[in-house]
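K.L.:
Only the shape, not the letters, is given here:
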């Protein structure tokens, strides 16, 4: 269907909180566009011998219906329509997660909060505990979850972190790559001031 311009270049799969993205290094046949790729077209393999071997093995077909079959499978599953984007030597296929699926995985990842006496059980206390954890060290989401006594990063924890980021109380250590596997979080000057003010209140 399309031509790989770099033999052996790895296909990249990126999992985000709301979608899955697959990148493939590719060059479309001369004169082809995304519109043609999404419509009816014949197969145009870069290496006919390899394509023929896969065809005889039943892995591919000669009608160039690969993209159509992906779209059809998503439609039959009730999933959002995938988005296809092509740039020079780059082919992106993005699968948005269905709202129902997002609710399901968020519910599955939610750990029951351990009850604590007094105000420690409220949502504000979770934010306060996150700030305390970040007082001395930059931490990843997994490390924050562990510090809170959770086995996994729950949907509630993700929400609290997003709220703290939006309020500029904490910040990412790699702001240009929010989904980096090396991403950690640290206090901002505002977050440090909030912690100091709360310590003064407790000593009064």
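P.N.:
Arrived safely, thanks for sending. This is a predicted model, so every value here is computed, not measured.
K.L.:
mean confidence score for the helix or strand in which residue 53 is found?
P.N.:
Using DSSP states H and E, residue 53 falls within helix 48-56. Confidence for helix 48-56, expressed as mean pLDDT, is 77.
K.L.:
same for it, what does it pack against?
P.N.:
The criterion is 3 or more Cβ pairs under 8 Å, 6 or more residues apart in numbering; DSSP states H and E, and there are no helices or strands that helix 48-56 contacts. (Each C-beta comes from the backbone N, C-alpha and C, glycine too.)
K.L.:
show me the contacts for residue 68.
P.N.:
residue 38 (Cβ atoms under 8 Å, 6 or more residues apart in numbering).
K.L.:
A strand includes it, no?
P.N.:
No: checked against DSSP: H, G, I helix; E, B strand; the rest coil, residue 68 lies outside a strand; its state is helix.
K.L.:
That one and residue 93: what is the separation?
P.N.:
According to Cβ to Cβ, to the nearest Å, residue 68 and residue 93 sit 13 Å apart.
K.L.:
what are the ranges of the helices in this structure?
P.N.:
Using DSSP state H, the helices found in the chain span residues 34-38, 48-56, 66-76, 99-109, 123-133, 141-147, 155-166, 189-203.
K.L.:
between residue 68 and residue 93, what contacts are shared?
P.N.:
Counting by Cβ under 8 Å, 6+ apart, nothing touches both residue 68 and residue 93.
K.L.:
Walk me through the domains of this protein.
P.N.:
12-98, 110-203 (automatic domain parsing).
K.L.:
Relative to residue 104, which of those is closest?
P.N.:
Checking those against residue 104 by Cβ to Cβ gives domain 12-98 as the closest, at 9.1 Å.
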